[in-house]
Structures are given as C-alpha cells and as structure tokens.
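In: Build me a model from this:
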Amino acid sequence: MRVEISTPSGPAVAEIDRPGDAARALLVLTHGAGGGVEAADIAAVRGAALKEGIAVVRLTQPYRVAGRSSPAAPDRQDEAWLASIAALRRRKPLAGLPLVAGGRSNGARVACRTAVASGAVGVVALAFPLHPPGRPENSRLGELDGAGVPVLVVQGDRDPFGMPPPGPDREIVVIERADHSLKRELPRIAQAVVEFVGGLV
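Out: Numbers count the residues shown, from 1 in each chain. Got it, this is the predicted structure:
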C-alpha cells in the first residue's frame with residue numbers, strides 16, 4: 001500500500017507492507033541521501049522481515065519526493081521524519097506495534113537522532129556514514145552513541161565512510177568485501193536485521 005503523508009517539509013511517501021498474519025513489530029526504513037527505498041539491502045530486509053511477521057514501511061522523505069538529491073538541514077529532516085512516524089503509528093493496522101526505526105546511510109543518521117523522540121525500541125543502521133570519505137576527523141559517532149536505544153549497525157569492511165566501533169547497546173555486523181552500497185551477502189544482512197528486531201520484541 002502506497003500512502004502520502006503530510007509533513008512540515010512537504011509530502012513523504014510510505015510504502016506499507018504487512019505480513020499475512022498479525023504483525024509483531026513495525027520496521028520503518030528510509031533511504032540514503034541521494035538514493036531510494038528500492039536499494040538492494042532495504043529490499044532484502046523487507047522480504048525477510050515480512051516472512052517473520054514484521055510489518056515494513058519504506059519511507060521516501062519529502063526532499064526526495066520533491067526530486068531533490070540533497071537532504072534538508074538535520075533539524076528539518078528530523079522534524080519531517082517524526083511527523084511521518086507519528087502518522088504511521090496512528091494507522092489502525094500499525095498502531096500499538098513495537099517500532100524499530102532505521103535506514104541506510106543518511107537515513108540511519110536520522111533514525112539515530114530521533115530514536116527516543118519517535119518511541120522506537122531500537123535502530124537499524126545500514127551503512128552508517130561514520131565520517132565523510134577521507135575525513136575521519138569529522139566523526140558522526142555521537143549520533144550513534146546518543147541514540148538512546150539498542151542499535152544494529154551493518155557495515156561493509158570496504159566502506160569509505162568508515163567502520164563504527166562496538167559500544168554499549170550497539171552491535172556491529174561486518175560484511176566482508178562490501179562497500180557503502182551493501183550489495184554483497186544480502187541474505188546475511190537481512191537475517192541480522194530480522195534477528196535484531198526479533199530480539200527486541
């Protein structure tokens with residue numbers, strides 16, 4: 001089901017998929033800065049999660065709906081994300097389900113920054129961009145550390161955006177020979193996410 005959601009930054013688009021039986025959790029995933037929700041890792045996670053009774057929403061943020069490739073400022077991006085999450089959680093089939101928020105790359109940053117405010121019980125971070133390529137001094141580790149909920153990071157060992165370290169309430173799954181696109185070992189990526197969500201709910 002494809003649904004348009006009003007946010008302070010314009011419409012977002014949610015693609016909602018529910019399992020055949022009653023869902024036991026809600027997983028909301030969003031894209032990277034210039035990408036879309038059709039990314040290979042997001043698609044793999046969607047398929048595996050549905051088989052395990054987890055409802056999945058793939059959310060296209062307002063700036064991408066509007067045709068822009070660069071995200072809005074973080075506060076505006078977070079505001080739109082929180083508005084989208086609130087609207088989704090008011091929908092009858094999804095209301096009351098434990099929420100796990102997540103995304104790939106820039107979307108993972110949004111999910112971390114807003115985890116507590118959204119009411120998420122955990123965050124899935126696919127290809128978290130720890131720092132810009134070649135600039136490790138500009139670390140975004142604080143966003144991971146400040147998530148306030150358990151975080152699963154799935155990261156390629158050849159990702160030029162860096163490798164986040166393990167930490168309290170943070171699990172790191174390393175995909176060998178994978179870069180930032182995370183197109184290798186898709187079944188393993190999907191299984192790691194499903195197991196993480198299952199462990200939370």
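In: quick one: the helices in the protein?
Out: For the chain, the helices defined by DSSP state H cover 40-51, 62-65, 74-89, 106-113, 115-118, 141-145, 186-200.
In: and stretch 26-45, which residues are buried?
Out: By neighbour count on 16 or more other C-beta atoms under 10 Å, the buried set for stretch 26-45 is 26-33, 35, 37, 39, 41-42, 44-45. Quick note: C-beta positions are derived from backbone N, CA and C, even for glycine.
In: Looking at those residues, which two lie furthest apart in space?
Out: In terms of C-beta to C-beta, the buried residues of stretch 26-45 reach their longest pairwise distance at L26 and A33, which sit 24.1 Å apart.
In: How about residues contacting stretch 59-74?
Out: 7, 9-15, 28-31, 33-34, 36-37, 77, 80-81, 84, 88, 106-107, 109-110, 113 (C-beta atoms under 8 Å, 6 or more residues apart in numbering).
In: what distance separates it from the middle of the whole chain?
Out: Here the centre of stretch 59-74 is set off from its chain's centre by 15 Å, with C-alpha atoms, centre = their mean, to the nearest Å.
In: do the same with stretch 102-111
Out: Computed by C-alpha atoms, centre = their mean, the chain-centroid distance of stretch 102-111 equals 5 Å.
In: Kindly report the same for stretch 189-201.
Out: Put simply, stretch 189-201 sits 13 Å off its chain's centre (C-alpha atoms, centre = their mean).
In: Over to stretch 164-181?
Out: Its chain's C-alpha centre and that of stretch 164-181 lie 14 Å apart, by C-alpha atoms, centre = their mean.
In: Determine how far the last residue of it lies from the first.
Out: Length of stretch 164-181, first residue to last, C-alpha to C-alpha, to the nearest Å: 16 Å.
In: Please enumerate residues in contact with that stretch?
Out: Outside stretch 164-181, the residues within contact range by C-beta under 8 Å, 6+ apart are 39-41, 105, 125, 127-130, 141, 144-145, 147, 149-161, 163, 182, 184-185, 188-189, 192, 196.
In: and D21, what pLDDT?
Out: On the pLDDT scale, D21 is placed at 87.
In: For stretch 65-80, measure first residue to last.
Out: 12 Å.
In: Stretch 146-160 now?
Out: Separation of the first and last residues of stretch 146-160 by C-alpha to C-alpha is 23 Å.
In: Buried residues of it, list them for me.
Out: The neighbour-count check on stretch 146-160 (16+ other C-beta under 10 Å) flags 147, 149-156, 159 as buried.
In: before we move on, what about stretch 192-201?
Out: For stretch 192-201, burial by neighbour count (16+ other C-beta under 10 Å) applies to 192-194, 196-197, 200-201.
In: hang on, the earlier thing: redo the buried residues of stretch 146-160 as TSV? Include distance to A73 and pLDDT.
Out: Converted to TSV, the buried residues of stretch 146-160 look like this (distance: C-beta to C-beta, whole Å; pLDDT from 0 to 100):
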residue	distance to A73	pLDDT
A147	20	98
V149	24	98
P150	27	98
V151	23	98
L152	27	98
V153	24	98
V154	27	98
Q155	26	98
G156	28	98
D159	25	98
